[in-house]
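In: sequence first, predicted coordinates after that:
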Amino acid sequence: MRIISGNRRGHKLTGFDGRDVRPTTDRVKESLFNIISPFIPGAYVLDLFAGSGALSMEALSRGAAYACCVDKDKRSIDIINRNVKDLKYDGLCTVAHSSYEDFLSANTAQFDIIFLDPPYNKGFIEPVLKNILKTGALGDGGIVALESDETDFRGEAEGFSIYRQKKYGRTYITIYTNAEG
């Protein structure tokens with residue numbers, strides 16, 4: 001796992017050992033960032049289900065102003081903190097050890113980009129999208145970037161419009177905008 005582009009291009013990221021974690025492949029990550037590149041400069045990024053924080057680190061490398069990585073797994077938090085330190089993003093990235101529900105219910109900030117890469121086939125997609133709308137976490141003109149499996153994919157989501165969608169093998173990348181924004 002590495003940073004693909006930007007001011008930290010080529011930097012290797014700390015990842016997970018074992019098969020119980022599913023990192024976003026470089027091919028999918030590169031395609032995702034090609035799609036969302038107009039939204040990145042100066043963006044405030046929220047990375048729910050952050051894992052290693054790779055999506056946030058990539059966004060910061062490409063010019064995002066700030067990132068917040070949220071994960072409820074202690075191993076993920078340790079890895080994200082290490083990546084933040086290694087990349088010297090201490091002042092640009094906050095790490096929250098929390099469930100998405102607890103984080104969103106306490107959050108008062110609005111974000112320009114929200115990354116969602118939840119565990120596949122666990123029923124997270126619709127509740128998280130509803131919670132994002134309910135809490136106002138997505139700012140005007142912001143996007144939600146969802147990575148999902150073809151068996152978990154829902155496509156249309158109430159309150160959101162699909163900006164772009166691509167399929168890579170079994171993986172879908174869906175970019176949503178607020179339907180009212």
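Out: In hand now; what should we look at?
In: what are the ranges of the strands in this protein?
Out: For the chain, the strands defined by DSSP state E occupy 44-48, 66-71, 93-97, 111-116, 138-149, 160-168, 171-178.
In: strand partners (parallel or antiparallel) of the third one?
Out: Translated: strand 93-97. strand 66-71 (parallel) (DSSP bridges).
In: what's next to the partner strand, contact-wise?
Out: Strand 66-71 is contacted from outside by 43-51, 53, 56-57, 59-60, 77, 80, 84, 89, 92-98, 100, 103, 109, 111, using CB atoms under 8 Å, 6 or more residues apart in numbering. (C-beta placed from N, C-alpha, C; glycine too.)
In: per-residue confidence averaged over it?
Out: The average pLDDT within strand 66-71 is 98.
In: now residue 170, nearest residue through space, not along the chain?
Out: residue 150 (4.8 Å; CB to CB, 6 or more residues apart in numbering).
In: which one's the longest helix in this structure?
Out: Taking DSSP state H as the criterion, the chain has its longest helix at helix 74-87.
In: now do the buried residues in that helix.
Out: For helix 74-87, a neighbour-count test (16 or more other CB atoms under 10 Å) marks 76-77, 79-81, 83-84, 87 as buried.
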